[in-house]
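J.: Fold the following for me, if possible:
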Amino acid sequence: MVIGIATTTFRSDLLIEYGITDLNWGWMASYLFPKALVLALTTLLIVALWFKLQPLGRYKFVGALVLFSLSIGGYLLVNTPYIEWIKKGTDMTSESASNPIEEYLNQSQPNFDGVICLALPGCPHCEVAIPKLALMQKRVPEIDVIVFVFTKDSSRVKSFQEDTGVDVLPFLAVPDPNNSIKLCEGKFPTFLYFKHGKVVHRWFNWQFGYPACDWVEWGLE
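T.: Below is the predicted model:
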């Protein structure tokens, strides 16, 4: 039982990936899966050891609480919550001024409906985030995904794509970087949802949690 809890604690990332890819659960449900599992295993461990705690007398509840705290605390120490719970971002529907990205997509891909990632070469957070978008499109092929890289050098775009390990998404140099950077305010990666020819929502990296991924897969409905 202890081994099971330890395995769940240290392989949480694999369990989340298993829920998303193999079980086809939602992003948030997959994220909660290892948490629920470690909670269940901890409860079973305490129940199994309950009678062995009898010599502690009235302090057996303290012993059970210590076991519970060590298990849950150890899990949170290894798997520190960061952006996973966050869904919020910025509603961009009130923005009336056009921007280079909208102009580019409306001219070259007028039916584009989905996610735009604004990335920077050498940005480690970008390299981690983009495979998640590739997985999202694999789960929901109707979602369009494109990566705009802030560089004018096509060789740097290709090099950055190789660094991400993703070859199923289009990577392009961002149109008019001096004006496009206003969309992301110099923060990378930034995620945009494009619908009906307009950027309608924006998330900075720390805002794009698992609930946001589910929301995107539902078309922001």
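
J.: Sort out which residues of the helix ranked longest in the chain are buried, please.
T.: Taking DSSP state H as the criterion, the chain has its longest helix at helix 27-49. By 16 or more other Cβ atoms under 10 Å, the buried positions in helix 27-49 come out as 27-28, 30-35, 37-39, 41-42, 45-46. Backbone N, C-alpha and C define where each C-beta goes, glycine included.

J.: which pair in those residues spans the largest distance?
T.: Pairwise distances across these peak at 30.3 Å for Trp27 and Ile46 (criterion: Cβ to Cβ).

J.: Can you tell me which helices and strands the longest helix of the chain packs against?
T.: helix 2-10, helix 12-21, helix 60-78, helix 210-217 (3 or more Cβ pairs under 8 Å, 6 or more residues apart in numbering; DSSP states H and E).

J.: which stretch in those helices has the least confidence?
T.: When the helices and strands packed on helix 27-49 are compared by mean pLDDT, helix 2-10 comes last with a mean of 49.

J.: Name the nearest residue to Ser30, ignoring sequence neighbours.
T.: Spatial nearest neighbour of Ser30, chain neighbours left out: Gly19 (3.0 Å); criterion: Cβ to Cβ, 6 or more residues apart in numbering.

J.: and that neighbour, how many neighbours does it have?
T.: By other Cβ atoms under 10 Å, 20 other residues sit near Gly19.

J.: In this model Lys35 seems to touch it, though I could be wrong.
T.: No: judged on Cβ atoms under 8 Å, Gly19 makes no contact with Lys35 at a distance of 11.3 Å.

J.: thinking again about what came up before, which ones are touching the residue nearest to Ser30?
T.: Gly19 is in contact with 25, 29-31, 33, counting by Cβ atoms under 8 Å, 6 or more residues apart in numbering.

J.: Looking at those, which one is closest to His125?
T.: Using Cβ to Cβ, Tyr31 comes nearest to His125 of the contacts of Gly19, at 18.3 Å.

J.: Give the bridge partners for the residue lying closest to Gly89 once chain neighbours are set aside, please.
T.: Nearest non-adjacent residue to Gly89, counting by Cβ to Cβ, 6+ apart: Trp203, 3.7 Å away. With DSSP bridges applied, Trp203 shows beta-bridge pairing to Phe191.

J.: Pull the contacting residues for Trp203.
T.: Going by Cβ under 8 Å, 6+ apart, Trp203 touches 88-90, 190-191, 212.

J.: Can you say which of these are buried?
T.: 89, 190-191, 212.

J.: would you turn those into CSV with distance to Val149?
T.: Listed next are these as CSV, based on distance: Cβ to Cβ, whole Å:
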residue, distance to Val149
Gly89, 21
Thr190, 12
Phe191, 14
Ala212, 22
